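1. sequence and predicted model, in that order:
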Amino acid sequence: MQSIPIQMLTICGISELPDQRDRSVTHILSILDPDHPDPEAFGAYDPHHRTILRFHDIINPLPGMILPAPRDVEAILRFGDEVAGGRAEPAEGHLLVHCHMGVSRSTAAMLTLMVQANPNESEDRLFERLVEIRPQAWPNSLMIDFADELLSRNGRLTEALRRHYRRQIQRMPNYVQLMHDLGRGREVEMAA
């Protein structure tokens, strides 16, 4: 079974970035709102490879906001190719994926990278591994839909996302109101 050729995987939010600086981070995928300044925390990190994507954490069009698009998920997959760099065996390293809170865009991106690197692993097992990395994971459904298509999962990834949402709501019932407040009620409905 293939895996991401990096030994340590981390997902976090911007406020947690200073806590990661002494953890030998080698690869970073930053997903930021379009108008958010670049986090200053990276100035204290050791040299690393970093890719920055900018779009909002939304699943429906909203005035003045940028929806995730297929090109963004394609960029995540290109980043995954760069991380792999032709290696078959895990290498010393630390992959950090972050967004604003470390809950939605970053978890969708990490799951996409995990699916890319583990084409034979079941979707449900990939979601289980995601929760091991980031227990509060609530991946952006639009990003997962694009990943499902781009990685030829034929709807299986989106169906596994429904089951994941259901498990997350059971673990953290407060997510129901939170997601409705954020305009993401459709994702709560997916769990029904």
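-> On my side now, so go ahead. Residues are numbered from 1 along each chain as shown.
2. ok but Leu142 is inside a strand, no?
-> No: assessed with DSSP: H, G, I helix; E, B strand; the rest coil, Leu142 is helix; it does not lie in a strand.
3. how close does it get to Glu16?
-> 24 Å (C-beta to C-beta, to the nearest Å). For the C-beta atoms, the positions are set from N, CA and C on the backbone; glycine is no exception.
4. same drill for the two, tell me which one is more crowded.
-> Neighbour tally, Leu142 and Glu16, criterion other C-beta atoms under 10 Å: the higher count belongs to Leu142, 24 against 15.
5. and the more buried one, what is it in contact with?
-> By C-beta atoms under 8 Å, 6 or more residues apart in numbering, Leu142 lies in contact with 58-59, 67-68.
6. who wins on neighbours among the residues you listed?
-> Pro68 leads the contacts of Leu142 on contacts (other C-beta under 10 Å) with 26 neighbours.
7. extract the C-alpha set from the helix or strand containing Asp148 and format it as PDB.
-> Under the criterion DSSP states H and E, the helix or strand holding Asp148 is helix 141-150. Below are the C-alpha coordinates for helix 141-150, written out as PDB (Å, rounded to 0.1, in the frame of the first residue of the first chain):
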ATOM      1  CA  SER A 141     -17.900  19.200   0.900                       C
ATOM      2  CA  LEU A 142     -17.300  21.100  -2.400                       C
ATOM      3  CA  MET A 143     -13.600  20.300  -2.200                       C
ATOM      4  CA  ILE A 144     -14.400  16.700  -1.500                       C
ATOM      5  CA  ASP A 145     -16.800  16.500  -4.500                       C
ATOM      6  CA  PHE A 146     -14.000  17.800  -6.800                       C
ATOM      7  CA  ALA A 147     -11.500  15.400  -5.300                       C
ATOM      8  CA  ASP A 148     -13.900  12.500  -5.800                       C
ATOM      9  CA  GLU A 149     -14.200  13.400  -9.500                       C
ATOM     10  CA  LEU A 150     -10.500  14.200 -10.100                       C
END
